[in-house]
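>>> missing the sequence, but the structure's below:
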Ligand code: NAD
Ligand code: DAU
């Protein structure tokens, strides 16, 4: 019986993961969503399941050591899926410290709580014995590997070479997770996923931002030449991959997750404009992101061959459903893009692109 702590469950991937687990996993008895509700956390993503008896929301900060320990005491988790993070590269460029405290220190606080609650002899620093069936999943990113040239793919043994404060903070967290495995024997996995898209993604990221602007007939701000490449994966395929790691992943292993779906940004922007019947004249090339990684692409051979996971969505199906989701949820879009979002947008892109 799984008793799961999901951190960051009010965000994009975390809320999709909670839905996925409640819909697909009878072995899950309880899911506790622990989330600070930063600008990126939105309980509207979860209104349809808020009365599900297996689901509980607790507002809190992963950096708050006492609160996290009390949470473990109260709910007795056997599984942690750690999504909570500052996740946007552009914000990390203007506010790096927040990324380091949330993503690195927050991870270490969770690891300590898991270790102390799961270790059979917590006072014995040499003991490596844990309660049976416990598992900690660190949801990391392909960005920790840095940028690729025109060829090649990231494998689990590619050296970490992060280029933004965001990816450096995620790489730092991965190193702490690794150290807790090596030093204490904690049963952990690290998953490193490529770019996700799908419902409930905050419109600061490429796909929802472009859909939102196109719907409103506003300029679509493409960084530099727009020929940067990302390897897109539907969020539900990511959720299924995390479940595969929970079920069958070997403790201590890293698993890359990707959909073999490389696309240039400009191609995605054009596709969105076509789908919404909007003119390409809306494309506005703006100044490039500092330190912009040119290309990411994942070799997913380890997770597909070892754990039997593979993506179910084609990009054509996934992007069509995603665009449809934003069109069908105008109230969601209106709520997340009012207030603070407008200030962020003006500061980021300038009034001329508003
Ligand atoms: P998101 O920004 O949509 O959501 C992050 C969530 O974490 C929000 O609900 C926020 O309120 C919460 N949070 C932030 N700081 C917190 C704190 N101190 N304590 C508790 N909760 C806090 O992010 P996302 O896109 O859903 O990404 C989730 C995870 O997946 C992140 O760890 C990210 O690095 C990783 N990831 C994301 C992608 C992607 O394409 N979005 C790809 C690979 C990996
Ligand atoms: O690769 C996984 C990562 O993907 C995750 O770890 C991050 O949390 C997630 O934010 C994402 O990072 P990216 O920087 O790749 O995603 P973003 O949506 O911000 O940008 C995707 C590409 O689009 C990137 O090349 C920058 C470009 N872009 C983005 C925005 C927001 C633009 O050209 N214009 C924009 O306005």
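The structure has been received and is ready for your questions. Given the structure is predicted, the values throughout are model-derived calculations rather than measurements. Residues are numbered from 1 along each chain as shown. Ligands and ions are numbered 1, 2, ... in the order given.

>>> next one: phi and psi at the nearest residue to residue 12 once chain neighbours are set aside?
Closest residue in space to residue 12, ignoring its immediate chain neighbours: residue 201 at 4.4 Å, by Cβ to Cβ, 6 or more residues apart in numbering. Any C-beta I mention is one placed from the backbone N, CA and C, and that applies to glycine too. Main-chain torsions, residue 201, degrees, to the nearest 10: phi -90, psi 130.

>>> With residue 127 instead?
phi -70, psi 140.

>>> what about it, how many neighbours?
By other Cβ atoms under 10 Å, the residues close to residue 127 number 13.

>>> again, but for residue 84
Counted with other Cβ under 10 Å, residue 84 comes out at 30.

>>> and it, what is it in contact with?
For residue 84, the contact set (Cβ atoms under 8 Å, 6 or more residues apart in numbering) comprises 7, 8, 11, 14, 34, 35, 36, 62, 102, 106.

>>> is the strand or helix carrying residue 273 up against ligand 1 anywhere?
Element membership of residue 273 [criterion: DSSP states H and E] is helix 265-275. No - shown here: helix 265-275 not in contact with ligand 1 (Cβ under 6 Å from any ligand atom), separated by at least 13.2 Å.

>>> go on, stretch 235-248?
No - using Cβ under 6 Å from any ligand atom, stretch 235-248 never reaches ligand 1; the gap is at least 7.3 Å.

>>> Touching that stretch from outside, list them.
Stretch 235-248 has contacts (Cβ under 8 Å, 6+ apart) with 2, 12-13, 16-17, 20-21, 24-25, 79, 81, 135, 137, 139, 189, 191, 193, 196-199, 201, 255, 257, 259, 303, 306-309, 311-313.

>>> which phi and psi does residue 191 have?
phi -110, psi 140.

>>> Tell me where the chain has strands.
All strands of the chain, identified by DSSP state E, fall at 2-7, 28-35, 55-59, 79-82, 135-141, 188-193, 196-197, 220-223, 229-231, 233-234, 254-257, 262-264, 283-286.

>>> need those strands in a markdown table with mean pLDDT, can you?
A markdown table is the format used below for the strands of the chain (pLDDT from 0 to 100):
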| stretch | mean pLDDT |
| --- | --- |
| strand 2-7 | 97 |
| strand 28-35 | 98 |
| strand 55-59 | 98 |
| strand 79-82 | 98 |
| strand 135-141 | 98 |
| strand 188-193 | 98 |
| strand 196-197 | 98 |
| strand 220-223 | 98 |
| strand 229-231 | 98 |
| strand 233-234 | 98 |
| strand 254-257 | 98 |
| strand 262-264 | 98 |
| strand 283-286 | 98 |
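
>>> Which of the ones you listed sits closest to residue 166?
strand 135-141 (8.3 Å; Cβ to Cβ).

>>> got the residues of the stretch 201-350 of the chain near ligand 1?
residue 202.

>>> oh sorry, the question was meant for the stretch 51-200 of the chain
61-63, 83-87, 102, 106, 139, 141, 170, 193, 195-196.

>>> longest helix anywhere in the chain?
helix 165-184 (DSSP state H).

>>> quick one: buried residues of that helix?
Neighbour counts over helix 165-184 (16 or more other Cβ atoms under 10 Å) mark 165-174, 176-177, 180-181, 184 as buried.

>>> For the nearest residue to residue 239 once chain neighbours are set aside, which residues are in contact?
Closest residue in space to residue 239, ignoring its immediate chain neighbours: residue 20 at 3.9 Å, by Cβ to Cβ, 6+ apart. Counting by Cβ under 8 Å, 6+ apart, residue 20 touches 236, 239, 240, 243.

>>> Repeat the analysis, applying 10 Å as the threshold.
Residues in contact with residue 20 (Cβ atoms under 10 Å, 6 or more residues apart in numbering) are 13, 235, 236, 238, 239, 240, 242, 243.

>>> just checking, which of the residues you listed belong to helices?
13, 235, 236, 238, 239, 240, 242, 243.

>>> Next up, phi/psi of the residue in the stretch 1-150 of the chain positioned nearest to ligand 1, please.
Nearest residue of the stretch 1-150 of the chain to ligand 1: residue 11, at 2.0 Å (Cβ to the nearest ligand atom). Main-chain dihedrals, residue 11, degrees, to the nearest 10: phi -90, psi -170.

>>> Can you give me the neighbour number for it?
Residue 11: 25 surrounding residues under other Cβ under 10 Å.

>>> Contact partners for the residue of the chain found nearest ligand 2?
With Cβ to the nearest ligand atom as the measure, residue 141 is the residue of the chain nearest to ligand 2, at 3.1 Å. Shown in contact with residue 141 (Cβ under 10 Å, 6+ apart): 85, 87, 89, 162, 166-167, 170-171, 173-174, 191-196, 257, 296.

>>> switch the cut-off to 6 Å
Listed by Cβ atoms under 6 Å, 6 or more residues apart in numbering, the contact set of residue 141 reads 170, 192.
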